[in-house]
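Colleague: Just need the structure, nothing else, for what follows:
(chains A and B, ligands or ions: 2)
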Amino acid sequence: MSNNTLLEARLVSRTDKAVAVRTHALSKEFSGRLVLHSLDFRVDPGELVAVVGKSGCGKSTLLRLICGLEKPSSGWVEVDGERLNGLSRHARLMFQDAALLPWKSVKANVALAAPRKSLRDRVAEDALQHVGLRDRAQEWPSILSGGQRQRVALARALASDANLLLFDEPLGALDALTRLEMQALIERLWLERRFSAILVTHDVEEAAALADRILLMEGGRVTFQTTVSLERPRDRASAEFTALKEAILERILGRHA
Amino acid sequence: MAAESIAYRNRWIRLAAPWLVPIGLILFWQIFAVSGLIPHRILPSPVEVMQAGFHLTVTGEMPAHLWESSQRAVIGLLIGGTIGFVFALLNGLFGPAHLVFDSSLQMLRNIPHLAMIPLVILWFGIGEPAKMFLIVIGVFFPIYINTVHGIRSTDPKLIEMGRIYGLTPWELLFTVVLPSALPSILVGLRYALGIMWLTLIVAETVACDNGIGYMTMNAREFLQTDVVLVGILLYALLGKLADTVTQALERWLLRWNPAYR
Ligand SMILES: Nc1ncnc2c1ncn2[C@@H]1O[C@H](COP(=O)(O)OP(=O)(O)O)[C@@H](O)[C@H]1O
Ligand SMILES: [Mg+2]
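Modeller: Residues are numbered from 1 along each chain as shown, chains lettered A, B, ... in the order given. Ligands and ions are numbered 1, 2, ... in the order given. Sure, this is the predicted structure:
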C-alpha cells in the first residue's frame, strides 16, 4: 500500500464508527395535528434502512427529528446510545436540493464540512475523488448538473466524518440514468464506509436495490417492514427482486388482502 | 474570413453606437450657439463650456470644490451606510428587533428626506453638520431596507445545512447569510449613491460656501452660464463614475452568480 492510499484510508474511510439510532414513542405534532404517532424505530450500526410511503406521511419529519432540526412533541431519539438534545453530531441530512453555497467553489463547499481545519483541503480533495469530481474542484456549483451537485453534497457528507447519513429523496429530481449512477455510487460508498443510513425514497425499486430493510410509513406510523436478503449488487432483472418490488408496491397501494 | 470581418465590424458598431446621440447633440448645440440664435448668456457653446472647465481646473478652483464635495459625499455615505447596515443586521437577524423597529423605520422612510431641509437648518444652521445630516438620512434607508431584505430572504435550507455541518453563528453569518444578502446589499448601495449625489447637490445649492453646488450658485450670481454648465456636467460625470465603479464591484463580487457573468 502506498503512502497516499494509507493517508486516504485514514482520512476518508472510517469503517469503525457507524452509530445506532433508536426512537422511543416518538411523536410530533404541528399546530395540534399529529404527524408522527408514537414511533418506535431502530437502525443498527452500519445498516441501510429505506423508508417508503406516500407523500405527507411524515418521512421528512422523521429525518428532521433524527438529526435534531426539529424537537419531538413527546418521546425521544437516541443516537449512539445518547438521548438527542439539539443537533446531532453524527447525522448529516441530504435533501433533493443539494444545498451548496453558490458563492463557494466546489472544493470550498466540501471543505467547510471537514472537522479538522488543518486537513480541510486534503480531506475535500479526497472526498471529491471518491465521488469522481476531483477535476471540478475549482468550479462554481452553478455550472454543475443536478447529479453532479448531489455528488458534491455526498462528498461534503463524507468529508465531515458522518456516521449516520439521512437521505431525504436525494435523487428525486434526477433523470433515470443519472439516478441509476447515483444509486450505484451511494451503494459503493456505503460498502466502503459502512455508515448507518436512512434512505427516504418514493422509488420502490431504489429501496429494493439499496436497503437492508424496507419500512413502509402510512399516516405517521410504520405499517409494514421487510428485510431484504438479496445479495449485492442486486440483480434488478431477477425474479426475487421483481417479486419484492411488487409486494411492496401492493402494500403501498393497499391492494393486499 | 468574411464572417470574421463582419463580427469585427459589429463589435465596433456596438462600441460606437451609444456615443452617436451625445456627439450629435453636442455638434447641434455648437452650431446652434455659434449661429447666434440664442444669446450667449442663456446657452454658451460647448467649446466655451470646455474652456471654462479648463480654466477652472488650471486655477485650482474646481479641484478644491470637487475635493470638498467628494469628502462630504464619502463621509456621509460611510456614516449613513454604516448605521443602516448595523440596524439591518440587528433587524434582519433578530426577530424581536425586527418586530420592534422595522415598522417605525418603514414609516419614517416615507418622509422625503429633502423635505426636512427647513428643520435641519433650524437645528444645525447651514454649516457642515446640516449637509452631513441630510446625506446620512438619505443613504441610510436604501442600505437598511435592501440589507434587511437580503438577510431575511436567505434560503433557510442553506442555513439548516450550515447548522448540520456545525458552523458557529459567526461562520453562519459570514459564509451563508451575508454572501447570500450581498446582491441585495449592492442594489442598496447603488440607490444610496444616487441619493447621495442628489442630496449633495441640493444641500450645497441651498446653503454653502464651498463645493460644486456652491460654485454653480455663485456663478449664477455673476451670470457665468458656462461655469453653471461645468458644474452640472461635473455632477453627471461623478454620478456616472460612482455607478461604473459599483457595477464593476458587483461583477467581481457576484462572479459566482450566472446572472452577473
Ligand atoms: N413545519 C411544519 N409545520 C406544519 N406542518 C408541517 C410542517 N412540516 C411538515 N408538516 C406537515 O406534516 C406532514 C408530514 O410532512 P412530511 O414529513 O414532510 O411528509 P413526507 O416527507 O412524508 O412527504 C404533512 O402533512 C405536512 O404538511
Ligand atoms: Mg418529504
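
Colleague: from here on, contacts and neighbour counts on C-alpha atoms
Modeller: OK.

Colleague: For the host helix or strand of residue A:127, name the packing helices and strands.
Modeller: Using DSSP states H and E, the secondary-structure element containing residue A:127 is helix A:120-130. Where contact means 3 or more C-alpha pairs under 8 Å, 6 or more residues apart in numbering or on different chains; DSSP states H and E, helix A:120-130 is packed against helix A:3-11, helix A:106-111, helix A:146-159.

Colleague: what helix or strand does the most centrally placed residue in chain B sit in?
Modeller: The central residue of chain B, meaning the one whose C-alpha is nearest the mean C-alpha position (C-alpha atoms, centre = their mean), is residue B:193 at 2.1 Å. With secondary structure defined by DSSP H and E, residue B:193 is part of helix B:178-206.

Colleague: next one: residue B:56
Modeller: Remark: residue B:56 resides in helix B:46-58, with elements defined by DSSP H and E.

Colleague: And that helix, what's buried?
Modeller: Burial within helix B:46-58, assessed by neighbour count using 16 or more other C-alpha atoms under 10 Å in any protein chain shown, is assigned to B:46, B:48, B:49, B:52, B:53, B:56.

Colleague: Check stretch A:29-43 too.
Modeller: Within stretch A:29-43, the residues scored as buried using 16+ other C-alpha under 10 Å are A:35, A:36, A:37, A:38, A:39, A:40, A:41, A:42, A:43.

Colleague: ok, now stretch A:67-83?
Modeller: By neighbour count on 16+ other C-alpha under 10 Å, the buried set for stretch A:67-83 is A:67, A:68, A:69, A:71, A:72, A:76, A:77, A:78, A:79, A:80.

Colleague: Please produce a markdown table containing these, extended by secondary structure, pLDDT and distance to residue B:79.
Modeller: Written out in a markdown table, the entries for the buried residues of stretch A:67-83 read as follows (DSSP: H, G, I helix; E, B strand; the rest coil; pLDDT from 0 to 100; distance: C-alpha to C-alpha, whole Å):
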| residue | secondary structure | pLDDT | distance to residue B:79 |
| --- | --- | --- | --- |
| A:67 | helix | 94 | 44 |
| A:68 | coil | 95 | 42 |
| A:69 | coil | 95 | 39 |
| A:71 | coil | 96 | 43 |
| A:72 | coil | 97 | 47 |
| A:76 | strand | 96 | 51 |
| A:77 | strand | 97 | 50 |
| A:78 | strand | 96 | 52 |
| A:79 | strand | 94 | 50 |
| A:80 | coil | 92 | 52 |
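
Colleague: near chain B, from the residues you listed?
Modeller: Restricting those to those within reach of chain B (C-alpha under 8 Å from any C-alpha of the partner chain) leaves A:67, A:69.

Colleague: Using JSON lines, please lay out the buried residues of stretch A:67-83 together with distance to residue B:167.
Modeller: Formatted as JSON lines, the entries for the buried residues of stretch A:67-83 read as follows, by distance: C-alpha to C-alpha, whole Å:
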{"residue": "A:67", "distance to residue B:167": "15"}
{"residue": "A:68", "distance to residue B:167": "15"}
{"residue": "A:69", "distance to residue B:167": "14"}
{"residue": "A:71", "distance to residue B:167": "20"}
{"residue": "A:72", "distance to residue B:167": "23"}
{"residue": "A:76", "distance to residue B:167": "25"}
{"residue": "A:77", "distance to residue B:167": "23"}
{"residue": "A:78", "distance to residue B:167": "23"}
{"residue": "A:79", "distance to residue B:167": "21"}
{"residue": "A:80", "distance to residue B:167": "22"}
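
Colleague: Save the buried residues of stretch A:67-83 as a markdown table, and put in distance to ligand 1 too.
Modeller: Compiled in a markdown table, the buried residues of stretch A:67-83 are given as follows (distance: C-alpha to the nearest ligand atom, whole Å):
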| residue | distance to ligand 1 |
| --- | --- |
| A:67 | 13 |
| A:68 | 14 |
| A:69 | 11 |
| A:71 | 11 |
| A:72 | 12 |
| A:76 | 17 |
| A:77 | 16 |
| A:78 | 19 |
| A:79 | 20 |
| A:80 | 23 |
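
Colleague: Would you agree residue B:260 is in contact with residue B:254?
Modeller: Yes. Here residue B:260 reaches residue B:254: they are 6.3 Å apart, a contact under C-alpha atoms under 8 Å.

Colleague: These two - which one has more neighbours?
Modeller: More crowded of residue B:260 and residue B:254, by other C-alpha atoms under 10 Å in any protein chain shown: residue B:254, with 20 against 13.

Colleague: And the helices in the stretch 101-250 of chain A?
Modeller: Assigned by DSSP state H, counting those that start in this stretch, the helices in the stretch 101-250 of chain A fall at A:106-111, A:120-130, A:146-159, A:176-193, A:204-210, A:239-252.

Colleague: circling back: now the helix or strand just after the helix holding residue B:193: average pLDDT?
Modeller: For helix B:178-206, the succeeding helix or strand toward the C-terminus, using DSSP H and E, is helix B:212-221. Averaged over helix B:212-221, pLDDT sits at 89.

Colleague: residues in contact with helix B:212-221?
Modeller: Outside of helix B:212-221, the residues within contact range by C-alpha atoms under 8 Å, 6 or more residues apart in numbering or on different chains are B:62, B:65-66, B:69, B:200-205, B:207-208, B:225, B:227-229, B:231-232.
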